[in-house]
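> What follows is a predicted structure for the sequence shown.
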Amino acid sequence: MNSLENIKPVWIDPKDITIYMTEFNTSSCRVVVDGNWDKEKGLRPFNEISFYKDYKRRIEENLPWEETGTFISIKNSINKGITRWGCNTMKKLYDRLSYWDSLYESIKTKGYKDIGNERIGINVDRNGRISFNNGRHRLVFAKLLNIPSIPITINNVHTKWDNFKKEVIKYAQSKKGSLYSPIDHPDMQDVPYCWGHERFKLIRDNLSNEKGTMLDIGSHWGYFSGRFEELGYDVSSCESSPSYLYFLKKIRKANNKKFKVLDVNILAKSTPSSFDIVLALNIFHHFLKSSEKFKAFIEFLQRLECKEMYFQSHEYLEPQMRKAFKNFEPVPFVEFIIEHSCLNKYKCIGKDQRRKLFKLWQ
């Protein structure tokens, strides 16, 4: 039995694999490799490889195999005595083409199955960006069939990225063994976290508009900023902690995200304050701890121009609030925000870890 069959797969959206890299170390699982391989292995857009373009045309135009670049290229190799994909005769070539068509139809009708020794493999470069490594035919079919999630194996990881992952794990260990929220990256799926995906789903399902500007206050490592950018929102990620910003920027680069990072005090009068949507999850209670911050908080709410806000409160009796200048239970806190802002309606849209999540809007 191939060792891959005993290894838990990583599940990702095939659309996230956009870069093709010349295959290497395809039989290994998560090997850490130093050097410049991530810059030298023939990088190019995956959708530009010949097999992807050929099979896309077969589906859309019913193009015969004999008219594809794939067929012509393999046939020419056979004529030169070169074996490709196990094909050294025309019969074996036609058998291979028949197998590919059968595999495509099987995935189309029965779904994508996890076969350990046939998993797609990916690489992770020094910045955390992923690229294809092996299993091109299955990946092509998954992309063309819009399969939402597929099992993959991580083959090669650059030393610099591996060192960053060790930093993440060390940080998690310093926080009772888990991160605050998930890191949306294939090589970080095994790192434990406290807050999961439930809040994202609740907010996503209650948004009034499918696009617009969004302010993520106290964005931590950028989980919500990245997820809502994927949905098409123009996100500004506000975080003032140097430690959080370090991880946020690394993860944003790894995931090739473009959301803006605001390294500012959100209460400062010079901070932008006009957005369609505001996320304020487990953050506003920090502005209740002193009279100075409380006053600046009120002024911020009065300046704020937004159409809707998603607010999650702290727990009223938690120890950090014992000496706070002000403290509110969840509903009075929502009413306080409405009293001092442009928002005038609210409803509870759900609860996560005993903390209610509210939508406020005009």
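Good, I have the coordinates.
> What segments of the stretch 51-200 of the chain are helices?
69-79, 90-110, 136-144, 159-174, 198-204 (DSSP state H, counting those that start in this stretch).
> elements contacting the last one?
Think helix 198-204. In terms of contacts (3 or more Cβ pairs under 8 Å, 6 or more residues apart in numbering; DSSP states H and E), helix 198-204 is packed against helix 223-230, strand 345-352, strand 355-361. Where you see a C-beta, it was placed from the backbone N, CA and C, and this is true even at glycine.
> if we go to 7 Å?
When contacts are defined as 3 or more Cβ pairs under 7 Å, 6 or more residues apart in numbering; DSSP states H and E, helix 198-204 sits against strand 345-352.
> for the strand it packs on, what is the average pLDDT?
Averaged over strand 345-352, pLDDT sits at 97.
> orientation of that strand relative to strand 355-361 in degrees?
With axes from the mean of the first three to the mean of the last three Cα atoms, to 10 degrees applied, the angle from strand 345-352 to strand 355-361 works out at 150 degrees.
> which outside residues touch strand 345-352?
With contact meaning Cβ atoms under 7 Å, 6 or more residues apart in numbering, strand 345-352 is reached by 198-199, 202, 206, 334, 338, 356-361.
> Switch the helices of the stretch 51-200 of the chain over to JSON lines; also include mean neighbour count, distance to residue 241 and mean pLDDT.
JSON lines is the format used below for the helices of the stretch 51-200 of the chain (neighbours: other Cβ atoms under 10 Å; distance: least, Cβ to Cβ, whole Å; pLDDT from 0 to 100):
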{"stretch": "helix 69-79", "mean neighbour count": "15", "distance to residue 241": "51", "mean pLDDT": "96"}
{"stretch": "helix 90-110", "mean neighbour count": "14", "distance to residue 241": "45", "mean pLDDT": "97"}
{"stretch": "helix 136-144", "mean neighbour count": "21", "distance to residue 241": "38", "mean pLDDT": "97"}
{"stretch": "helix 159-174", "mean neighbour count": "15", "distance to residue 241": "12", "mean pLDDT": "98"}
{"stretch": "helix 198-204", "mean neighbour count": "18", "distance to residue 241": "20", "mean pLDDT": "98"}
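> Out of these, flag the one nearest residue 117.
Residue 117 sits nearest to helix 136-144 of all the helices of the stretch 51-200 of the chain, at 12.0 Å, using Cβ to Cβ.
> Mind listing the residues bridging to residue 122?
With DSSP bridges applied, residue 122 shows beta-bridge pairing to residue 132, residue 154.
> tally of neighbours for it?
Look at residue 122: counted by other Cβ atoms under 10 Å, it has 26 neighbours.
> ok, it - contacts?
Going by Cβ under 7 Å, 6+ apart, residue 122 touches 17, 130-133, 152, 154-155, 186.
> ok, those vs residue 51, which is closest?
residue 132 (11.6 Å).
> what's the spacing between the residue sitting nearest the centre point of the chain and residue 86?
The centre of the chain sits closest to residue 184, judged by Cα atoms, centre = their mean, with a distance of 3.7 Å. Separation of residue 184 from residue 86 (Cβ to Cβ, to the nearest Å) stands at 37 Å.
> give me the number of residues near residue 291?
Neighbours of residue 291 (other Cβ under 10 Å): 10.
> For the remainder of this discussion, apply numbering that starts at 9.
Happy to do that; since the first residue is 9 now, the last one works out to residue 299.
> which residues does it contact?
By Cβ under 7 Å, 6+ apart, the contact list for residue 299 reads residue 333.
> Over to residue 296?
Residues near residue 296 by Cβ under 7 Å, 6+ apart: 302, 332-335.
> would you turn these into TSV with distance to residue 60 and neighbour count?
Listed next are those as TSV, based on distance: Cβ to Cβ, whole Å; neighbours: other Cβ atoms under 10 Å:
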residue	distance to residue 60	neighbour count
302	57	15
332	57	17
333	60	14
334	58	16
335	58	17
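> Just put the residues you listed in TSV and tack on secondary structure, distance to residue 199 and pLDDT.
Shown next, in TSV, are the contacts of residue 296 (DSSP: H, G, I helix; E, B strand; the rest coil; distance: Cβ to Cβ, whole Å; pLDDT from 0 to 100):
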residue	secondary structure	distance to residue 199	pLDDT
302	helix	36	98
332	coil	32	97
333	coil	36	98
334	coil	36	97
335	coil	33	97
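> Would you reformat the residues you listed as TSV and include distance to residue 86?
Formatted as TSV, the contacts of residue 296 follow (distance: Cβ to Cβ, whole Å):
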residue	distance to residue 86
302	78
332	77
333	80
334	79
335	78
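> between those residues, which is nearest residue 278?
Among the contacts of residue 296, and counting by Cβ to Cβ, the member closest to residue 278 is residue 302, at 19.7 Å.
> Please identify the helix or strand for residue 269.
According to DSSP states H and E, residue 269 maps onto strand 268-270.
> and that strand, which strands flank it?
Take DSSP bridges as the rule and strand 268-270 pairs in its sheet with strand 242-246 (parallel).
> Mind checking what helix or strand follows the strand it pairs with in sequence?
That would be, after strand 242-246 and using DSSP H and E, helix 250-262.
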